[in-house]
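# sequence and computational prediction follow.
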Amino acid sequence: MAAATGSEAGPHHGLTRKGTAHVTYDVLTMGRISVDIYPNDIGVGLADVTSFGKYLGGSPSNVAVAASRHGRRTAVVTRTGDDPFGEYLHGELAKFGVDDRYVRPVGGLQTPATFCAILPEQHDFPLYFYGRFPTAPDLQIKAEELDLAAIREARIFWSTVTGLCQEPSRSAHIAAHEARPRAGLAQGQFTVLDLDYRPMFWDSEEDAREQVAKVLPHVTVAIGNEEECAVAVGHGTPDEQADRLLAAGVEIAVVKLGPEGVMATTRAERVVSAPVPVETLNGLGAGDSFGGAFCHGLLAGWPLAQVLDYANAAGAIVASRLSCADAMPTPDEVTSLLAERGRLVPEGVAR
């Protein structure tokens, strides 16, 4: 495919279409977006796949979709190529109820595509990134383009470590975090950092740790698995990693424990949610579903143990399905799974 060309914004894109009306978001995410190209043939390598389906992808964009499925007002700050795949992603965001006013095209770059093989018997879902090297449109977000008022006022601002891997995205993410210092947050506001670490985007773990240290002082919730927490705050037990995150000023440290479930720690409590067993079809996207549901539970004011169980069940549902964004569950689906597994359904959520 030839490189995309065109101006920075056009009449078919969200900024022009939606204007500048002020909106306060429940969840505003920032970072990656892509077209996920997933095989319709399950259990075979990509060399043997004969047909594919395409879906919206990219972790922060998926989190916005997931939170929208739970009834939250969401938007994503990201960039696409000025090409048909970019137009497709605008359409998908609109379909899922995610505000796309902060999604703009970048001339000369292509919308990234991510291929995945689905090998559930081996629990293997290898990813192949195209259109991300040496850079991608969503790594071209610039600080001066940000709506800092919207970022400051969002009830939850969600970003990922990957957004810090390259300029100008790095400076834009730092500016976004600096716009909502911890001390300036109102009751019920949260700043979430997904510790999502993908080594192919970094020179080293040390480089990533250095950049994480620049935004961690503004973060109130940090979420990652043990390996990602190790990149952020060093190796150790999950309890030690959570304690280091709390010592850095984080209010809620969430450490995913793999087959042992997920742990959330505050200065007052430490809770663990056991795994919610399902037959895994595609493990990708489960973490994004977890994230969107976790945001929903935080905003609902549920006890931390119930937030964790709800998010855990939401992640399990997506793991049992093929796609990511299209697979995000509704509250009814999550609470039905919780009830089926004998777990407490949070108050105010229909069974």
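Yep, it's here.
# helix, strand or coil: sort out Ile317 for me.
helix (DSSP: H, G, I helix; E, B strand; the rest coil).
# quick one: contacts for Gly291?
With Cβ atoms under 8 Å, 6 or more residues apart in numbering as the criterion, the residues that contact Gly291 are 59, 63, 66-67, 158, 192, 194, 223, 311. For the C-beta atoms, the positions are set from N, CA and C on the backbone; glycine is no exception.
# in the host helix or strand of it, which residues are buried?
Here Gly291 sits within helix 286-300, counting by DSSP states H and E. Neighbour counts over helix 286-300 (16 or more other Cβ atoms under 10 Å) mark 286-300 as buried.
# sorry, back to before: quick one: which of the contacts of Gly291 has the most company?
Ala66 (35 neighbours; other Cβ atoms under 10 Å).
# returning to that earlier point: ok, so of the contacts of Gly291, who is nearest Thr330?
Ala66 (10.5 Å; Cβ to Cβ).
# go ahead and confirm the closest one touches Gly292.
Yes. Between Ala66 and Gly292 there is a contact under Cβ atoms under 8 Å: 2.3 Å.
# which neighbours do the two share?
314, 328.
# so which of the contacts of Gly291 sit within strands?
158, 192, 194, 223 (DSSP state E).
# ok, so of these, who is nearest Tyr130?
Sorting these by how near they are to Tyr130, with Cβ to Cβ, puts Asp194 at the top with 22.4 Å.
# ramachandran angles for the closest residue to the closest one other than its chain neighbours?
Nearest residue to Asp194, sequence neighbours excluded (Cβ to Cβ, 6 or more residues apart in numbering): Thr160, at 4.3 Å. Thr160 adopts backbone torsions of phi -130, psi 160, taken as degrees, to the nearest 10.
# I'd assumed Ala66 was in contact with Trp158.
No. Using Cβ under 8 Å, Trp158 makes no contact with Ala66, being 10.5 Å away.
# list the contacts of Val219.
By Cβ under 8 Å, 6+ apart, the neighbours of Val219 are 177, 182, 191-193, 248-250.
# ok, the residue lying closest to it once chain neighbours are set aside - contacts?
Nearest residue to Val219 in three dimensions, chain neighbours excluded: Leu193, at 4.4 Å (Cβ to Cβ, 6+ apart). Leu193 makes contact with 159-161, 212, 215-216, 219, 221-223, according to Cβ under 8 Å, 6+ apart.
# how about the secondary structure of Arg170?
With three-state DSSP as the criterion, Arg170 reads helix.
# from Val250, how far out is it?
20 Å (Cβ to Cβ, to the nearest Å).
# just Glu279 next, same as before
34 Å.
# between the two, which one's more packed in?
Val250 (27 against 8).
# what's the neighbour count on the closest residue to Asn312 other than its chain neighbours?
Nearest residue to Asn312 in three dimensions, chain neighbours excluded: Ser273, at 4.5 Å (Cβ to Cβ, 6+ apart). Neighbourhood size, Ser273 [other Cβ under 10 Å]: 23.
# wait, Ser273 touches Lys256, no?
No. Ser273 lies out of contact with Lys256 (Cβ under 8 Å); the separation is 10.0 Å.
# tell me the pLDDT of the most centrally placed residue in the chain.
Most central in the chain under Cα atoms, centre = their mean is Pro60, positioned 3.1 Å from the mean C-alpha point. If you check Pro60, the pLDDT there is 98.
# start at 586, not 1
Let's use 586 as the start, then, which means that last one is Pro645.
# report the contact partners of it.
Counting by Cβ under 8 Å, 6+ apart, the residues that Pro645 touches are 614-618, 661, 663, 743-745, 748, 779.
# so which residues of this structure form strands?
Under DSSP E, the chain gives strands at 612-615, 619-624, 637-642, 659-666, 683-684, 688-691, 698-701, 712-715, 741-745, 775-779, 806-810, 837-841, 847-850, 855-858.
# just checking, what packs against the third one?
For strand 637-642, the packing partners by 3 or more Cβ pairs under 8 Å, 6 or more residues apart in numbering; DSSP states H and E come out as strand 619-624, helix 669-680.
# please redo it, this time with the cut-off set to 10 Å
strand 619-624, helix 644-654, helix 669-680, strand 698-701 (3 or more Cβ pairs under 10 Å, 6 or more residues apart in numbering; DSSP states H and E).
# TSV for the ones you listed, including distance to Ala853?
Formatted as TSV, the helices and strands packed on strand 637-642 follow (distance: least, Cβ to Cβ, whole Å):
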stretch	distance to Ala853
strand 619-624	39
helix 644-654	25
helix 669-680	37
strand 698-701	39
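# and of those, who's closest to Gln826?
helix 644-654 (20.4 Å).
# would you mind measuring the gap between the ends of stretch 674-686?
Stretch 674-686 has an end-to-end distance of 12 Å (Cα to Cα, to the nearest Å).
# and the strands of the chain as JSON lines, adding mean pLDDT and distance to Ala924?
Compiled in JSON lines, the strands of the chain are given as follows (pLDDT from 0 to 100; distance: least, Cβ to Cβ, whole Å):
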{"stretch": "strand 612-615", "mean pLDDT": "98", "distance to Ala924": "25"}
{"stretch": "strand 619-624", "mean pLDDT": "96", "distance to Ala924": "30"}
{"stretch": "strand 637-642", "mean pLDDT": "96", "distance to Ala924": "29"}
{"stretch": "strand 659-666", "mean pLDDT": "98", "distance to Ala924": "26"}
{"stretch": "strand 683-684", "mean pLDDT": "98", "distance to Ala924": "28"}
{"stretch": "strand 688-691", "mean pLDDT": "98", "distance to Ala924": "37"}
{"stretch": "strand 698-701", "mean pLDDT": "96", "distance to Ala924": "32"}
{"stretch": "strand 712-715", "mean pLDDT": "94", "distance to Ala924": "34"}
{"stretch": "strand 741-745", "mean pLDDT": "98", "distance to Ala924": "27"}
{"stretch": "strand 775-779", "mean pLDDT": "98", "distance to Ala924": "27"}
{"stretch": "strand 806-810", "mean pLDDT": "98", "distance to Ala924": "25"}
{"stretch": "strand 837-841", "mean pLDDT": "98", "distance to Ala924": "24"}
{"stretch": "strand 847-850", "mean pLDDT": "98", "distance to Ala924": "20"}
{"stretch": "strand 855-858", "mean pLDDT": "97", "distance to Ala924": "15"}
